[in-house]
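Enquirer: Predicted model and sequence follow; I will ask about them next.
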Amino acid sequence: MATVLTPVAPSDAQLYLVVSEIMYHPDGDGLAEFIELTNISTTVTLDLTGVRFVTGIDFDFTGSAVTSLAPGARVLVVRDLAAFTTAHGGGHPVAGVFANSTRLSNDGETIKLEDASNSTIKEFTYNDAPPWPTAADAGYSLVLIDPTSNPDPDITANWRSSTLPGGNPNGTDLVPFPTNPLGDDDGNGTADLVDYAIGSDLGLPVLAPTASFETYDIGGSMQTLLTLSYPISLGAESASIGIDASTDLSTWTDAAANTEFISQINLGDGRAMVTVRFTAPIGDGVRHFLRLRVEQL
Ligand SMILES: [Ca+2]
Ligand SMILES: [Ca+2]
Ligand SMILES: [Ca+2]
């Protein structure tokens, strides 16, 4: 028997309500968990009556401390109000605390948010293991990238670590894009797009990329592989960094296919150090040049 589904217009909550930040493993006793929702509409005020978390954590916005969300506004649901206030101060728009002693798992889990007609607003599964940001399992939060574009939260690449431990409840840690990306308004001799991408615009000591030969045990065989570490600015969502390789400083090729990710270590100052290695050894006597390629997204 054929089933005919009648298209139903999506609710305002389905159109405009996003889960914009998840703090599942805060430092200390772990009680300062929160989840942040944002109304990404620029014109529509959302009625949160009937909006509920039904998987992962339990919470019903009906009758909560926040039942209306203005355009662009954020709302928080927390595990423990006292712990949250100790960590982040008062004055935040907290709708309430997780019901039924639920909590956000430190090992990843499925989160489901429904609207007043039991339709799914968002359903996704986060994780604490790569390629998910592992710093979020150690005091940083998961931050949805470019929330106003309503990205699919079930896609790992749409999340990043918060720039700082503790996250940014009811705020954003996005780093402003430079006014003249190819210029050098800050006069440090480097294009401001590069400063932005590697965090040299954060008022911190500049970190340079480093290359070295490191020895790895790969399946029982010891291999010496070219290894590259470079800083990234976690809140610089509008830039990406790639690696180009050359043997003659004339012809450069994208090294993505010949490298693999090793680690990303948050530095606690808005930056992280990313380390990648080349997958094949470089022959004796072969010169190899590397450069970072910064692109505006
Ligand atoms: Ca937790
Ligand atoms: Ca936030
Ligand atoms: Ca500059």
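Expert: That came through, no problem. Ligands and ions are numbered 1, 2, ... in the order given.
Enquirer: So which bits of stretch 266-277 are buried?
Expert: 266, 269-274, 276-277 (16 or more other Cβ atoms under 10 Å). For the C-beta atoms, the positions are set from N, CA and C on the backbone; glycine is no exception.
Enquirer: Please apply the same query to stretch 286-297.
Expert: The neighbour-count check on stretch 286-297 (16+ other Cβ under 10 Å) flags 290, 292, 294 as buried.
Enquirer: Is any residue of that stretch near ligand 3?
Expert: No - on the criterion Cβ under 5 Å from the ion, stretch 286-297 is out of touch with ligand 3, staying 12.0 Å away.
Enquirer: List the contacts of that stretch.
Expert: 181, 191, 193-194, 197-198, 209, 211, 226, 228, 230, 237-249, 252, 254-255, 282 (Cβ atoms under 8 Å, 6 or more residues apart in numbering).
Enquirer: Now which of these would you call buried?
Expert: With neighbours counted by 16+ other Cβ under 10 Å, these contain buried members at 181, 191, 193-194, 197-198, 209, 226, 228, 230, 237-239, 241, 243, 245, 252, 255.
Enquirer: So which of those belong to strands?
Expert: The members of these that map onto strands under DSSP state E are 226, 228, 230, 239, 241, 243, 245.
Enquirer: Just the ones in strands from the buried residues of stretch 266-277, please.
Expert: Checking those against DSSP E, those in strands are 266, 271-274, 276-277.
Enquirer: now, which of those sits nearest ligand 3?
Expert: Nearest to ligand 3 among those: Arg271, at 16.0 Å, using Cβ to the ion.
Enquirer: ok, the closest one touching Pro205?
Expert: No - using Cβ atoms under 8 Å, Arg271 is not in contact with Pro205, being 10.4 Å away.
Enquirer: picking that back up, among the buried residues of stretch 286-297, which one lies nearest to ligand 3?
Expert: Val294 (12.0 Å).
Enquirer: which one is that closest one nearest to, not counting chain neighbours?
Expert: Spatial nearest neighbour of Val294, excluding adjacent residues (Cβ to Cβ, 6 or more residues apart in numbering): Ala197 at 4.5 Å.
Enquirer: Let me know the pLDDT of the one you found.
Expert: If you check Ala197, the pLDDT there is 97.
Enquirer: quick one: it from ligand 3, how far?
Expert: 11 Å (Cβ to the ion, to the nearest Å).
Enquirer: Quick check: that residue vs ligand 1, distance?
Expert: Distance from Ala197 to ligand 1, by Cβ to the ion: 32 Å.
Enquirer: Enumerate every residue touching that residue.
Expert: Residues near Ala197 by Cβ under 8 Å, 6+ apart: 232-233, 236, 239-241, 294.
Enquirer: Could you list the contact residues of the stretch 1-150 of the chain toward ligand 2?
Expert: Contacts of the stretch 1-150 of the chain with ligand 2, taken as Cβ under 5 Å from the ion, map to 21, 36.
Enquirer: quick one, helices of the stretch 1-150 of the chain?
Expert: Secondary structure of the stretch 1-150 of the chain by DSSP state H, counting those that start in this stretch: the helices cover 12-16, 81-88.
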